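S.K.: Structure for this input, please:
(one chain, ligands or ions: 1)
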Amino acid sequence: MFNSSPLTAAQSAEEVKTPGLAGAAQAAGDGGARPRHVAIIMDGNGRWAKARGLPRLAGHRRGAETVRRIVEAAPDLGVEWLTLYAFSTENWKRSAEEVTGLMELFAIYIRREGRELKRRGARVRFIGERGRLAPDLAAAMARLEADTAQNDKLNLTIAINYGGRDEIAAAARRLAEDVAAGRLDPACVDAAALEARLNTCGFPDPDLVIRTSGEMRTSNFLPWQTAYSEFAFVDDFWPDFTVERFGEALASFGARQRRFGAVG
Ligand code: FPP
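M.R.: Purely as a prediction, here's the structure:
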């Protein structure tokens, strides 16, 4: 349902499938600028579970349901690119049980949602270092990328084993290799040359970054790409993050004036 007036025609029919969409559309408003690319730091699964006396994995499972709802709603709210931080390079420090559980959850998500994502026209990509992932999971990720490569209704990117500094360091290494091999003139090493060697080559930069759970930091998520992004920090834990709240965050973006360093 991705079109230039995303909040009207699709609204009533989609509301049945995506609870809260009408409210989100209202919250997002019709007037202001809309973020084309939204990146989300999905935080608070553990605290959501703890508050209910549940194991952390129960929070992640609920978080996966929120992922489904937000992904479903995004195109109807005018979002063309959605990038989700699912597992950072630092998350390996968690217990083996939690890490294994998260990896299983990613595999289940791909298995259960893959066909639906394809049907809905989402192009799915993964960013992050895949070498440390289980071969089965890495293969399922690659298959979903290939299966959805022709889609263009929503560009969904999921960051798994992603670390922004590692990504920049790897890009710098590729630049150095190209210079050393004589493929690149050192005088041509500039921001565009580095950007072309990032995982996100060809992606627009995020316009808006949302972080849930009340924490106000960026945790090594897309540090290069978010240099001029707007930020929205939301108090809800990720499992409680609703489509309406998503709409409100999009609306807060519309009220801002972006100057990119110029005078407004
Ligand atoms: C941060 O909350 C969340 C994560 C490290 C995992 C994110 C994973 C999901 C939302 C599950 C499914 C994802 C996909 C793409 C299917 P936290 O555990 O650090 O929360 P806390 O700060 O309250 O402990």
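S.K.: And the helices in the protein, which stretches?
M.R.: Secondary structure of the chain (DSSP state H): helices at 11-17, 21-28, 45-50, 56-73, 96-119, 135-147, 164-180, 191-195, 243-254.
S.K.: Please identify the buried residues of the shortest one?
M.R.: Within helix 191-195, the residues that count as buried by 16 or more other CB atoms under 10 Å are Ala193, Glu195. C-beta: built from backbone N, CA, C; applies to glycine.
S.K.: Check which helices and strands it is in contact with.
M.R.: Helices and strands touching helix 191-195, by 3 or more CB pairs under 8 Å, 6 or more residues apart in numbering; DSSP states H and E, are helix 164-180.
S.K.: now with 6 Å?
M.R.: On a contact count with 3 or more CB pairs under 6 Å, 6 or more residues apart in numbering; DSSP states H and E, helix 191-195 meets no helix or strand.
S.K.: and the helices of the chain as a markdown table, adding distance to the ligand and mean pLDDT?
M.R.: Shown next, in a markdown table, are these (distance: least, CB to the nearest ligand atom, whole Å; pLDDT from 0 to 100):
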| stretch | distance to the ligand | mean pLDDT |
| --- | --- | --- |
| helix 11-17 | 19 | 45 |
| helix 21-28 | 19 | 70 |
| helix 45-50 | 2 | 98 |
| helix 56-73 | 3 | 98 |
| helix 96-119 | 4 | 98 |
| helix 135-147 | 11 | 98 |
| helix 164-180 | 15 | 98 |
| helix 191-195 | 25 | 98 |
| helix 243-254 | 14 | 95 |
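S.K.: and the ones you listed as a markdown table, adding distance to Ala227?
M.R.: Output for those, formatted as a markdown table (distance: least, CB to CB, whole Å):
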| stretch | distance to Ala227 |
| --- | --- |
| helix 11-17 | 34 |
| helix 21-28 | 25 |
| helix 45-50 | 28 |
| helix 56-73 | 24 |
| helix 96-119 | 28 |
| helix 135-147 | 26 |
| helix 164-180 | 11 |
| helix 191-195 | 10 |
| helix 243-254 | 16 |
